[in-house]
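Undergrad: Make a model of this:
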Amino acid sequence: MKKVLFTAVAMAVAMTGIAQRPVVKNEAKNFSLTAEKPSALRQIDGSAAQGIQFNMPEHMVRASRATSELEEYQVMTTNYDLQSNSAIGNRIATWADGSASFVATWDNSGNSAWPDRGTGYNFYDGSSMGSEPDARQEPIKSGWPSIAACGDGEVLASHATGVNLYYRPQKGEGEWTLLKNWGADYGSPTWPRVICSGPNDEYIHVVMCKQIQIGDGYDNHVYYSRSTDRGQTWSEMIDLPLIDNTADGEYRNQFSADDYVMAANGNNVAILLGAYTAEVVYIISHDNGATWEKQVVLPWAEEGAHAHEFDDFPTGCTDTLVASDNSHSIAIDNNGTVHVAFGLFRWMQTEADRYTYWPAYRFGIVYWNSNYTNEQGGHEIPLYGNFSQDAEHPEWGWSGTGESFQIERLEALCEADGRMNLNVFGYVDENGNGEMDYENSTGATWHYRSLGLATMPGVSVDNLGNVAVVFSAWSETRVNSETGFSFRSAYVSFRDHTGTWYADEKGINLSEDFMHQYSEVYPTTIAPMGQDGSFWVLYSEDEAQGLYLDINDSYPNSNGGNITDNYFFAVKVTPEMAGWGTNEQEAVNPMTNVRVYPNPATDKLNIEVNASQASTMSINVFNIMGQKVMEDNISLTTGINRPAINTAELSSGIYFVTVKANGFENTLKFIVK
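TA: Sure, this is the predicted structure:
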């Protein structure tokens, strides 16, 4: 069965002022599910010899799909429906000439042994999409592909008795060559991600996971390797930099299969990690992987801890917690600003091996970028007790971890930022009554290996600084008549380069055409890089709900126990859909990742600015009364700048420093002791 979209998507109204957020009904908000602690994750199968060099012909015969005001193409059909254990990303590669590659785990055998499983691939040449694949790209049974642009060519990573990395010098055509196999000699790692960076994409970065069984449990490690010469030589496979998987108080084996996604731009490369038992954190290198820095986005609820260990029960956290719902995405813009999106949900550990979660507890998709600065002068989203309005709103939380991040508090943090660098959305009030109507929630398993009401976000940024976020959300109005459960729909929200959000409250509904009315949309992802306001989105659509690969007694909606067709659609969303034009772009903010340290300061305050271009920057310091007490002008050079101001003559107290360049400004708070 082939589906073609032929009606235009309606445009949502741009957000103005403070959005009126819908209210979740108490019966839905209080509905909870209890699940077992995740057991051993699915292992790969297949029996390929290690390190075999091979070449492979192209399977693509290009044929255009239908287009309309919304460019949508059916790129492949697959029976295999488990695309990710947690986050999904790095499935689309894009080039400046408008071409793009799309990959997914593919098998069309209709056989639960999945003998044909491997990478399904399609290519858009700038004007038309190729025909659907009829074979995997690898010569052996494989899974979980990742693709990246590599100069004029492309690299493809997937796993089969280890991680295999393939390359071809011309995108969309020609033979694939095996560049590297991390096989038995490396412990047969799995679940790879690949990205390229540096001049003409000479640097290739690969992240992968290895699980070692220890007793009844697994020792989880995330590993990293890179090539500085486009795959000719490789560094040793090492533990992911700055992420300690073993030490108490650190990440303690919490990151595993697909808990990571990657992004690169120029010499910048970043790896984002998140899980419901750990904080949202990324590491970033500004020199193609030679050195790394770590940035926490959403810290863990317990002071000083980065993860929650089930084995600590009952002495560990037993209160309700708020964390990532396992799904997250990352992108880097031309100024070096990092953009992150992730889902949120609330849960608690109820027994040593069980947890309870509340899917509808009024959380959606959180957008954050590295220009966000909290009241303490850092970039983390502050937890309860670290925000001035907390004292005025005791109902937002209490001491400990319980209710530590209610949606009202998150909304207040977004408003304090002006929703430019921090925002939350994804509660889609489709019937417009001001309430989230999920009366059919009882007995539904909503999570599909992610746990939130709105989930599976993908974030992308284009060359002009515009941002798009796609996500999958439960629908109020589209209900499966057989199961009684709401379908999921795909939505896209936009932020233009000035920081203005469009289609924020509902987003653009990619599922509203009647050809999609009776299908489940999950998962969703997006290319990390857009072009001139246009972004490529990839989503899977299935007429049955749930994942066949997860069928058991605790998943009553898992495809009804049937192998079904899953249709992958590629959608090109454009500036016209978002409501902005690309002809009148304003000046680019040359200042990214601005921070001050030490804070509190004594004799000297350093101002660190990562500049995307040479510029003149003014520095003005104000006391708490708004009086200017210091001013200066400096010249910024491209890269990291660290001017310092003398604070020895300032009285103890609170101050604000405003830096301004090219018409843009940032204000940061600091304290003098």
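Undergrad: If we go by neighbour counts, what in the longest helix seen in the chain is buried?
TA: Identified as the longest helix of the chain according to DSSP state H is helix 407-417. Going by neighbour count (16 or more other CB atoms under 10 Å), the buried part of helix 407-417 is 407, 409-414, 417. C-betas here are computed from N, CA, C, even on glycine.
Undergrad: go on, stretch 213-230?
TA: Buried residues in stretch 213-230 (16+ other CB under 10 Å): 218, 220-228, 230.
Undergrad: distance between it and the chain's centre?
TA: 20 Å (CA atoms, centre = their mean, to the nearest Å).
Undergrad: can you list the domain ranges for this protein.
TA: 23-578, 591-672 (automatic domain parsing).
Undergrad: So which of those domains is the most surrounded?
TA: domain 23-578 (a mean of 20; mean count of other CB atoms under 10 Å).
Undergrad: and it, what's its mean pLDDT?
TA: Confidence over domain 23-578 (mean pLDDT, whole number) is 84.
Undergrad: quick one: it to chain centroid distance?
TA: With CA atoms, centre = their mean as the basis, the mean position of domain 23-578 lies at 5 Å from the chain mean.
Undergrad: helix or strand for Glu476, which one?
TA: strand 467-479 (DSSP states H and E).
Undergrad: the inter-axis angle of the next helix or strand after that strand versus strand 467-479?
TA: Where DSSP H and E defines the elements, the next helix or strand beyond strand 467-479 is strand 486-495. Calculated by axes from the mean of the first three to the mean of the last three CA atoms, to 10 degrees, strand 486-495 forms an angle of 150 degrees with strand 467-479.
Undergrad: Now the element after strand 486-495, going C-ward?
TA: Following strand 486-495 in sequence, per DSSP H and E, is strand 501-502.
Undergrad: Quick check: the gap between Leu636 and Arg354.
TA: In this view, Leu636 and Arg354 are 54 Å apart by CB to CB, to the nearest Å.
Undergrad: Repeat that for Ala278.
TA: Between Ala278 and Arg354 the distance is 19 Å, computed by CB to CB.
Undergrad: swap in Leu410?
TA: 27 Å.
Undergrad: before we move on, what about Thr228?
TA: Applying CB to CB, the value for Thr228 to Arg354 is 47 Å.
Undergrad: With just CA atoms, put the strand holding Glu476 into PDB.
TA: The C-alpha trace of strand 467-479 is given here as PDB (Å, rounded to 0.1, in the frame of the first residue of the first chain):
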ATOM      1  CA  VAL A 467      15.400  26.400  14.300                       C
ATOM      2  CA  ALA A 468      12.800  23.700  13.800                       C
ATOM      3  CA  VAL A 469      11.700  21.000  16.300                       C
ATOM      4  CA  VAL A 470       9.700  17.900  15.400                       C
ATOM      5  CA  PHE A 471       8.100  15.600  17.900                       C
ATOM      6  CA  SER A 472       5.500  12.900  18.300                       C
ATOM      7  CA  ALA A 473       2.500  13.700  20.500                       C
ATOM      8  CA  TRP A 474      -0.700  11.900  21.700                       C
ATOM      9  CA  SER A 475      -3.700  13.100  19.800                       C
ATOM     10  CA  GLU A 476      -7.000  14.200  21.400                       C
ATOM     11  CA  THR A 477      -9.000  13.800  18.300                       C
ATOM     12  CA  ARG A 478      -7.500  10.800  16.400                       C
ATOM     13  CA  VAL A 479      -8.500   7.600  18.300                       C
END
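Undergrad: residues making contact with stretch 590-598?
TA: 335-338, 370-371, 373, 377-379, 605-615, 617, 636, 657, 659, 661-662, 664, 666, 668, 670 (CB atoms under 8 Å, 6 or more residues apart in numbering).
Undergrad: how far is that stretch from where the chain is centred?
TA: 24 Å.
Undergrad: avg pLDDT for it?
TA: Here the average pLDDT along stretch 590-598 is 82.
Undergrad: Using CSV, write out every CA atom in that stretch.
TA: The C-alpha trace of stretch 590-598 is given here as CSV (Å, rounded to 0.1, in the frame of the first residue of the first chain):
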residue,chain,number,x,y,z
PRO,A,590,28.7,37.0,16.8
MET,A,591,28.7,36.2,20.5
THR,A,592,28.0,32.5,21.4
ASN,A,593,28.5,30.6,24.7
VAL,A,594,29.1,33.7,26.8
ARG,A,595,29.9,33.0,30.4
VAL,A,596,31.6,34.7,33.4
TYR,A,597,33.9,33.1,36.0
PRO,A,598,34.9,32.9,38.8
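Undergrad: all numbers from here: first residue = 871
TA: Shifting the count to begin at 871 puts that one at stretch 1460-1468.
Undergrad: So which residues make contact with stretch 1114-1123?
TA: For stretch 1114-1123, the external contacting residues (CB under 8 Å, 6+ apart) are 1088-1092, 1109, 1113, 1124-1125, 1143, 1148, 1174-1177, 1179.
Undergrad: end-to-end on it?
TA: With CA to CA, to the nearest Å as the measure, stretch 1114-1123 spans 8 Å from end to end.
Undergrad: Next one: Cys1066 from Gln1483, what distance?
TA: 23 Å.
Undergrad: With Asp1157 instead?
TA: Taking CB to CB, one finds Asp1157 at 19 Å from Gln1483.
Undergrad: ditto for Ala1518
TA: 33 Å.
Undergrad: before we move on, what about Gly1247?
TA: Distance, Gly1247 to Gln1483, using CB to CB: 25 Å.
Undergrad: Which of the helices or strands spans Arg1216?
TA: strand 1208-1221.
Undergrad: for that strand, packing partners?
TA: Judged by 3 or more CB pairs under 8 Å, 6 or more residues apart in numbering; DSSP states H and E, strand 1208-1221 is in contact with strand 1138-1145, strand 1148-1155, strand 1163-1168, strand 1191-1202, strand 1224-1228, strand 1235-1239, strand 1324-1331, strand 1337-1349.
Undergrad: 6 Å instead, please
TA: On a contact count with 3 or more CB pairs under 6 Å, 6 or more residues apart in numbering; DSSP states H and E, strand 1208-1221 meets strand 1191-1202, strand 1224-1228, strand 1235-1239, strand 1324-1331.
Undergrad: what pairs with it, and is each one parallel or antiparallel?
TA: When pairing is defined by DSSP bridges, strand 1208-1221 lines up against strand 1191-1202 (antiparallel), strand 1224-1228 (antiparallel), strand 1235-1239 (antiparallel).
Undergrad: Including distance to Trp1344, could the ones you listed go into TSV?
TA: Formatted as TSV, these follow (distance: least, CB to CB, whole Å):
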stretch	distance to Trp1344
strand 1191-1202	13
strand 1224-1228	13
strand 1235-1239	13
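Undergrad: got the residue ranges for the helices in this protein?
TA: Using DSSP H, helices in the chain cover 896-899, 1277-1287, 1445-1448.
Undergrad: What's the separation between the residue positioned nearest the centre of the chain and Trp1170?
TA: What sits nearest the mean C-alpha location of the chain, by CA atoms, centre = their mean, is Ser1199, with 0.9 Å. Per CB to CB, Ser1199 is found 20 Å from Trp1170.
Undergrad: now do Thr1190
TA: Counting by CB to CB - Thr1190 and Trp1170 are separated by 14 Å.
Undergrad: what helices or strands is the longest helix of the chain leaning on?
TA: Counting by 3+ CB pairs under 6 Å, 6+ apart, helix 1277-1287 packs on strand 1292-1295.
Undergrad: same for the strand it packs on, what does it pack against?
TA: Partner elements for strand 1292-1295 (3+ CB pairs under 6 Å, 6+ apart): strand 1235-1239, helix 1277-1287.
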